[in-house]
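Participant: Starting from these lines, generate the structure:
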Amino acid sequence: MKILLFGKAGQVGWELQRSLAPLGTLVALDARSPELCGDLTDLPGLARTVAQVAPDVIVNAAAHTAVDRAESEPDLARAVNALGPGALAEAAQRGGALMVHFSTDYVFDGSGDRPWTEDDAPAPLNVYGRTKLEGEQLVARNSPRHLIFRTSWVYSTRGANFPKTMLRLAREREQLDVIDDQVGAPTGADLVADVTAHAMRSVMGNPALAGLYHLVAAGETSWNGYARFVLRQAQQAAVALKAGPDAVRPVPSSAFPTAARRPHNSRLDASLLQRRFGLQLPHWQAGVARMLTEIL
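Facilitator: Below you'll find the model as predicted:
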């Protein structure tokens, strides 16, 4: 099997390089790759790359993920999140390849308090969500043989993440204000990558499994609960902090105005994925605790 991966430098893309390597020959690109085009804004270049590599699977982990900045650069966000993936899906269809793409809980408006299913109607609140939804639609339309995974609150040990920010602030301050009215499931990039590899292999053997799935860790928490868990783990590891978990004060989203509106309910129901692929997704606390043992 030959796999062509876009977005190799991102959180999920980095982990995908590990999880996909045992499945076959992996060609991994990013926007700065010198010999083959990995820039999702260069549609002719993408078509040439796919034609030259002739992959069995195209995996797109590239995205414009700066949610607030997308409000002021909607054309760039649309190019990367929608038009580029759509062009890759069209090239996948021409070459007979499976198309794999990643999306987000931000395609929903965040209303209610039950987990969103794949059958719920999307209604994004911001440019990022709208462009990611358009990307989903173009991928599905241009390449009927596809896997689209919606995930949320992705973190990894590599680069900046919410736990690292909380740890830094807790070393500097005696009290932290953290939002408590947005709820979701922190999901490790390693989990997303491992499930993707498993699902890809399954779909290659059984094309009927292709489609749209929600892929998140089990359980739910608020950003405030997430921060408290991180600091509790740090305390147990004897990390010196000025602010412990009891010093994390709950505040509403309105306490931190942002350019883009965020959904309050980011819960995603992953039961369809688990049932069809025979998986049991671990609780979010297990993945965060494991990540913290690597960075503390």
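
Participant: Leaving aside the residues adjacent along the chain, what's closest to A77?
Facilitator: A70 (4.0 Å; Cβ to Cβ, 6 or more residues apart in numbering). Every C-beta, even on glycine, is put in place using the N, C-alpha and C of the backbone.

Participant: same question, N142
Facilitator: For N142, the spatially nearest residue (Cβ to Cβ, 6+ apart) is A89, at 3.8 Å.

Participant: And for that neighbour, the neighbour number?
Facilitator: When neighbours are counted by other Cβ atoms under 10 Å, A89 registers 27.

Participant: what secondary structure does it sit in?
Facilitator: Local secondary structure at A89 is given as helix here, using DSSP: H, G, I helix; E, B strand; the rest coil.

Participant: my guess is it meets A97, correct?
Facilitator: No: contact between A89 and A97 fails when scored by Cβ atoms under 8 Å: they sit 9.4 Å apart.

Participant: Which neighbours do the two have in common?
Facilitator: Listed as contacting both A89 and A97 by Cβ atoms under 8 Å, 6 or more residues apart in numbering are I58.

Participant: can you give me the helices for the stretch 151-296 of the chain?
Facilitator: Listed in chain order, the helices found in the stretch 151-296 of the chain under DSSP state H, counting those that start in this stretch are 162-172, 189-205, 223-236, 271-277, 284-295.

Participant: Columns mean pLDDT and distance to L20 on top of those helices, output as CSV?
Facilitator: Converted to CSV, the helices of the stretch 151-296 of the chain look like this (pLDDT from 0 to 100; distance: least, Cβ to Cβ, whole Å):
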stretch, mean pLDDT, distance to L20
helix 162-172, 94, 26
helix 189-205, 97, 6
helix 223-236, 96, 29
helix 271-277, 98, 16
helix 284-295, 95, 19
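
Participant: Which one of the ones you listed lies nearest to R145?
Facilitator: Among these, helix 189-205 comes nearest to R145, with 8.0 Å by Cβ to Cβ.

Participant: Tell me who's in contact with G95.
Facilitator: For G95, the contacting residues are 50-51, 54-55, taking Cβ under 8 Å, 6+ apart as the criterion.

Participant: hmm, 6 Å instead?
Facilitator: With Cβ atoms under 6 Å, 6 or more residues apart in numbering as the criterion, no residue contacts G95.

Participant: any idea how far S143 is from it?
Facilitator: According to Cβ to Cβ, to the nearest Å, G95 stands 10 Å off from S143.

Participant: What distance do you get for the closest residue to T157 other than its chain neighbours to A237?
Facilitator: Ranked by Cβ to Cβ, 6+ apart and with sequence neighbours excluded, the top spatial neighbour of T157 is E294, at 4.9 Å. Note on E294: its distance to A237, by Cβ to Cβ, is 11 Å.

Participant: what does F229 give?
Facilitator: On the measure of Cβ to Cβ, F229 and A237 end up 13 Å apart.

Participant: before we move on, what about D246?
Facilitator: Taking Cβ to Cβ as the measure, D246 and A237 are separated by 17 Å.

Participant: circling back: who's more crowded, F229 and A237?
Facilitator: In terms of neighbours (other Cβ under 10 Å), F229 is the more surrounded of F229 and A237; the figures are 21 against 10.

Participant: ok so, going back, might one say that the residue nearest to A77 is in contact with A79?
Facilitator: No: counting by Cβ atoms under 6 Å, no contact exists between A70 and A79, whose distance comes to 11.2 Å.

Participant: quick one: which of the two has more around it?
Facilitator: Between A70 and A79, counted using other Cβ under 10 Å, the more crowded position is A70 (24 against 19).

Participant: can you tell me which residues contact the more buried one?
Facilitator: Shown here is A70, whose contacts under the criterion Cβ under 6 Å, 6+ apart are 77, 127-128.

Participant: would you turn those residues into TSV with pLDDT, neighbour count and distance to A193?
Facilitator: Rendered in TSV, the data for the contacts of A70 read as follows (pLDDT from 0 to 100; neighbours: other Cβ atoms under 10 Å; distance: Cβ to Cβ, whole Å):
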residue	pLDDT	neighbour count	distance to A193
A77	97	25	24
V127	97	25	27
Y128	98	26	22
